[in-house]
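Q: The following comprises the amino acid sequence and a computationally predicted model.
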Amino acid sequence: MSYGRTVVKVLVLLLAGVACTALAEDTKNAKPSEKIPKGAKIYVAPISDGFDTYLKTALLDKKVPVEVVDSREKAEYQIDGVSDTQKAGTAKKVIMWDWHSREEASIRVSNILSGEVVWSYSVHKESSAHGKKSTAEACAKHLKEAIAEK
């Protein structure tokens with residue numbers, strides 16, 4: 001992968017993270033007009049680098065109280081987002097003795113009918129031992145907490 005492509009990917013991910021973080025800050029300050037109920041039917045849209053597969057698995061493993069469905073037509077809510085992985089470079093391996101990848105992901109849950117974003121979360125792991133699995137599990141854990149609070 002060329003240096004230019006990597007820079008563009010990082011910039012896109014950072015912009016998406018800023019947007020999701022801003023949305024998360026807004027939802028902390030303003031009362032959401034809608035809550036995600038337990039047992040809600042959620043469709044996980046395709047996410048870059050196959051992150052959606054890791055996220056579906058994490059939702060099941062973390063026992064998030066939602067039903068993951070296989071098509072958007074059957075769902076009440078949709079999860080979409082972005083993900084990026086950067087494998088450890090030679091300098092990181094030699095200088096820091098760290099072979100773990102850097103992982104970033106941002107997801108948002110939106111009501112399919114209204115289009116309203118009802119929840120969002122961003123995660124950054126500088127040295128992730130388990131790659132995408134770690135970031136997907138962090139997203140699932142925080143979604144479970146958000147649903148349990150409501």
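A: Cool, the structure landed.

Q: quick one, strands of the protein?
A: 40-44, 66-69, 77-86, 101-111, 117-128 (DSSP state E).

Q: which of those is buried the deepest?
A: The highest mean neighbour count among the strands of the chain, using mean count of other CB atoms under 10 Å, belongs to strand 101-111: a mean of 22. Every C-beta, even on glycine, is put in place using the N, C-alpha and C of the backbone.

Q: what lines up beside it in the sheet?
A: Here strand 101-111 is paired, per DSSP bridges, with strand 77-86 (antiparallel), strand 117-128 (antiparallel).

Q: okay, the angle between the first one and strand 40-44?
A: If I follow you right, that is strand 77-86. Strand 77-86 and strand 40-44 are oriented at 40 degrees to each other (axes from the mean of the first three to the mean of the last three CA atoms, to 10 degrees).

Q: which regions of this protein sit below the pLDDT cut-off?
A: 1-34, 85-102, 125-131, 148-150 (pLDDT under 70).

Q: beta partners of the closest residue to Leu60 other than its chain neighbours?
A: Leaving aside its chain neighbours, Leu60 sits nearest to Val68 (7.2 Å; criterion: CB to CB, 6 or more residues apart in numbering). As for beta bridges, Val68 partners with Ile42 under DSSP bridges.

Q: quick one on the thing from earlier: which one, of the strands of the chain, ends up nearest to Ala146?
A: With CB to CB as the measure, strand 117-128 is the member of the strands of the chain nearest Ala146 (5.4 Å).

Q: How much space separates the residue nearest to Val123 when sequence neighbours are not counted from Asp80?
A: In this structure, Val123 finds its nearest non-sequential neighbour in Ala138, 4.5 Å apart by CB to CB, 6+ apart. For Ala138, the distance to Asp80 equals 17 Å [CB to CB, to the nearest Å].
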